[in-house]
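**Student:** I would like the atomic coordinates for the input below:
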Amino acid sequence: MSNFANKKLDLKLVDSEYYDFYLANSDMIYDTHNSSGSVGDCLVVWYDFSDKKTFNDTTSIDNIFSLVTWTGATNSGYTFDTFGLTGLDNGQLVYNQQPGDFNNQGLVDILTGTTLTIPANDNRLILNRVTGSTQQFVYPIELVNNPDGDAIRFCGGFYQGYYKIDNSTYEVLPVRTNKAWVADFWLKKEDVCSGTTATTLNDIYPDNKGFFFYMGTRAENKFWNVFEGNNTGCTMSCSPLLGCPDTPTTFCTEPKETEIELFDAKSGFHLFLDPPHLDIKEITNQFLIYGRAQNTSNRCGGCGEPRDNDLFGKETVCSFTGTSIFVGEYLRKKTDFRNQFLIYGRAQHTSGRCGHCGHPRDNPDYGKETVCSYSGDSEVLLELDKNLDVYDNAIGFRITDDGRIGYRELKYYCSGTTSGSTTGITVEEQYSLSGVVEDNRWTRITIRYVSDETYTDEELKCLPPRNGKLMIYVDCKLKAIFKNIDEFVARRLNDYHAKQVNVPFNISLGGGSQGLIETMTFDGQDSEDLGLLIEQNFAGSFIGQISEFKFNICDMNWCDISAGCVVPCDDNPFVYVNPAPKGIYFGKTNLTYFDMSTLPDLTFSLRNSAVQSHILYNTAIMAYGYILVPETFDQPSEFKNSISGCLGFTIPYLKLDNVVIPDENGYDITYCVYRTFNKTQGYLDVWMCI
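**Tutor:** Take a look at the predicted model:
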């Protein structure tokens, strides 16, 4: 470095998973906080429960308002007159039945007559306290006055709100970021909610306990199926009739869901609330708009016959004055997969459009149909696939009772075999080691997602989701790295925009999402809306306190993240944290491959070398033996059954894929993984030969 005595030498370790480090021979201190969270461009959400502005300077804790806003937000003022259809499902609207209202006219009024009004230029992300109208669950939260500042204690409740509304320009947070995002929390995991005796979501779904942050659609499409109501026959009118053996349900209404229609002013179509779903398309191709005049001597004679049951080809230059037409067709599903060349035959009477088919081949199933006799290869679809709306559209972050921290996400899978393929939705989740988040102490949690590629604003509009790394810091120390994680890109539901106001593009703080467990519709709850994927996997909440939450839409290096910790980076721009002493892991598991969930079953042995050393599998179970050796160590050439020296019989081992495990100081250590070829029973001495 002396060769550069009169020149500045900068060294930057880019793409570091822990810190950025700079060297220079000048007296200038370089600002390592190149992504320090500038308000509006990077820091776009901030709730501080010690600041009354978080509660909009009121004493109510039912709504919380971000202290900062995104500079790219759009809010020109909006009204949504179908808000009542969905607003009841997470408590933004609440229905309380009034005495004597047997047909629940109050419920009908909320469902059909509630308008959501958003004032212009209020670009704050507003989260609302989650509740419900079924009276089956409670959602307790309270404001706690601590000596060091106020916090919200969550005992089954949480906050939730939307940041974008489909088919409008309203958007107070971006759906995607150019490179990265960072979520930051101050929280205290504690079990002090024993006074809650009523049923919470955690009681129903104990494996969902601990969700403290959630992004995506808050529920499935509640109008995915045909729901004719819970009351039929003599209870349909909701009034107790003389001699009727049945009793109307609590939330009986006279109009049923199947009787409700919406009007789409743009297309002019009336839309059913339930399937079948009318697929509306705007047509600008003039070859599909104009038809052929029947009376060719008249320039604007009547059009020729259009295709069956559609609006194509029936306009003339005299009848059509616009630039496009709207056509609608009900969604259909294929029911006949035969080759149509083998279905249709040739008409014997060629003068008739649908004459009898000609003689088919010897097989009577081939070639005997005409366009008149054949009913088609599909039928109208009476159920939408509700699950296609939730894959890659729901992700939650959770702390388990034993102190592990990680994420859970719904993913789409497709597995193919020689006999066919299987598709569906699966749950993907990964966690840190246990004990990472301790009970009864304030902890800073930082979740950082960094994409492998940087996209421009224009590229974000059209390029597919990227791959990246998800990193979780606890008290500013890197405790978990999950690689090859798909970029999370929230999206709309596959239905009319009027039926999904405030459902997609949600964020939850202090919990996951209820799904449709509190859903209310005409004639009460549709039982087929209950127990769906969002409810099953995210209906739960954090138990403890949260004092502050920040969300950044830029990347933050370790110095940025460390700000506010016990020894912040600001105190020493060139702070260097040593890696923890190295060692090896060994032990037994039943898995044929290594998984981070089995790491607690292994023993960590502190040592500077693996070769020419001994380990003992001291568990008497029939399982595979594992040894994890740091990649920087000399690797064993073979393994012997010995306690000293490369003697004894050879133990067959397989070399598996390397794994990355952060050490206790947050450094990312790559380990070579060795596994015994066969399962072993009882104790086993192993010598690792050089």
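**Student:** mind checking pLDDT for G149?
**Tutor:** At G149, the pLDDT value in this model is 93.
**Student:** tell me the contacts of it?
**Tutor:** By CB atoms under 8 Å, 6 or more residues apart in numbering, the residues touching G149 are F49, S50, S547. Using the backbone N, CA and C atoms, a C-beta is placed for each residue, glycine as well.
**Student:** try it again with 7 Å
**Tutor:** Contacts of G149 were listed using CB atoms under 7 Å, 6 or more residues apart in numbering, and they are S50, S547.
**Student:** Which strand residues bridge it?
**Tutor:** When assigned by DSSP bridges, G149 has beta-bridge partners N146.
**Student:** Same check on I399?
**Tutor:** With DSSP bridges applied, the residues forming beta bridges to I399 are I405.
**Student:** can I assume it is in contact with Y407?
**Tutor:** No - using CB atoms under 7 Å, I399 and Y407 do not qualify as a contacting pair, with a distance of 11.0 Å.
**Student:** Looking at the two, which one has more neighbours?
**Tutor:** The neighbour comparison of I399 against Y407 (other CB atoms under 10 Å) goes to I399, with 25 against 22.
**Student:** Against F551, how distant is the more buried one?
**Tutor:** Distance of I399 to F551, given as CB to CB, to the nearest Å: 18 Å.
**Student:** Likewise for L288?
**Tutor:** For L288, the distance to F551 (CB to CB) stands at 46 Å.
**Student:** between those two, which one's more packed in?
**Tutor:** Relative neighbour count places F551 above the other of L288 and F551, with 25 against 17, counting by other CB under 10 Å.
**Student:** what's the residue nearest to the more buried one when sequence neighbours are not counted sitting at in phi/psi?
**Tutor:** Setting aside the residues directly before and after it, F551 is nearest to V45 in space (CB to CB, 6 or more residues apart in numbering), at 3.8 Å. Here is the backbone geometry of V45 (degrees, to the nearest 10): phi -140, psi 140.
**Student:** Next, count neighbours for V45.
**Tutor:** Counted with other CB under 10 Å, the burial measure for V45 works out to 24 neighbours.
**Student:** any idea how far it lies from T54?
**Tutor:** Remark: distance between V45 and T54 (CB to CB) = 11 Å.
**Student:** per-residue pLDDT, the closest residue to R492 other than its chain neighbours?
**Tutor:** The spatial neighbour of R492 that comes closest, neighbours along the chain excluded (CB to CB, 6+ apart), is D166 at 4.4 Å. Looking at D166, its pLDDT stands at 96.
**Student:** what do you get for D523?
**Tutor:** For D523, pLDDT reads 96.
**Student:** For it, which non-adjacent residue is spatially closest?
**Tutor:** In space, D523 comes closest to G229 once its chain neighbours are excluded; the distance is 3.7 Å by CB to CB, 6+ apart.
**Student:** Contact partners for the one you found?
**Tutor:** Neighbouring residues of G229 by CB under 7 Å, 6+ apart: K256, E257, F522, D523.
**Student:** show me the contacts for the closest residue to the third one other than its chain neighbours.
**Tutor:** Same thing as F522. The shortest distance from F522 to any residue that is not its chain neighbour, by CB to CB, 6+ apart, is 4.4 Å, and that residue is E257. Contact analysis of E257 by CB under 7 Å, 6+ apart lists F227, G229, L273, D274, T521, F522, D523.
**Student:** can you count the residues close to the closest residue in space to the third one that isn't next to it in sequence?
**Tutor:** Using CB to CB, 6+ apart and skipping residues adjacent in sequence, the residue nearest L273 is I260, 4.2 Å away. Burial of I260, expressed as a neighbour count using other CB under 10 Å, amounts to 18.
**Student:** Which pLDDT value goes with I260?
**Tutor:** You'll see I260 listed with a pLDDT of 95.
**Student:** Repeat that for G420.
**Tutor:** Confidence score, pLDDT, at G420: 61.
**Student:** Also D601?
**Tutor:** Looking at D601, its pLDDT is 88.
**Student:** got a list of what it touches?
**Tutor:** G587, T589.
**Student:** Now the buried members of the contacts of G229.
**Tutor:** Judged by neighbour count, with 16 or more other CB atoms under 10 Å as the criterion, the buried members of these are K256, E257, F522, D523.
**Student:** show me what contacts N104?
**Tutor:** For N104, the contacting residues are Q97, F251, C252, T253, by CB under 7 Å, 6+ apart.
**Student:** Assumed the third one was part of a strand.
**Tutor:** The one in question is C252. No - when the secondary structure is assigned by DSSP: H, G, I helix; E, B strand; the rest coil, C252 falls in coil instead of a strand.
**Student:** Does it touch S237 like I think?
**Tutor:** No - in this structure, C252 sits apart from S237 without contact. The criterion is CB under 7 Å, and the distance is 8.6 Å.
**Student:** Which strands or helices does the longest helix anywhere in the chain pack on?
**Tutor:** Across the chain, the helix with the greatest residue count (assigned by DSSP state H) is helix 105-113. Packed against helix 105-113, as judged by 3 or more CB pairs under 7 Å, 6 or more residues apart in numbering; DSSP states H and E, are the following elements: helix 84-87.
**Student:** And the helix it packs on, what does it pack against?
**Tutor:** Helix 84-87 is packed against helix 105-113, with contacts defined by 3+ CB pairs under 7 Å, 6+ apart.
**Student:** Can you show me the CA trace of the helix it packs on as PDB?
**Tutor:** As requested, C-alpha coordinates have been extracted for helix 105-113 and formatted as PDB (Å, rounded to 0.1, in the frame of the first residue of the first chain):
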ATOM      1  CA  GLN A 105     -82.000  -5.100   7.100                       C
ATOM      2  CA  GLY A 106     -79.100  -3.400   8.900                       C
ATOM      3  CA  LEU A 107     -76.700  -6.000   7.500                       C
ATOM      4  CA  VAL A 108     -78.100  -5.600   4.000                       C
ATOM      5  CA  ASP A 109     -77.700  -1.800   4.200                       C
ATOM      6  CA  ILE A 110     -74.100  -2.200   5.200                       C
ATOM      7  CA  LEU A 111     -73.400  -4.700   2.400                       C
ATOM      8  CA  THR A 112     -75.100  -2.700  -0.300                       C
ATOM      9  CA  GLY A 113     -75.000   0.900   0.800                       C
END
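**Student:** Tell me which helix or strand comes right after that helix.
**Tutor:** strand 116-118 (DSSP states H and E).
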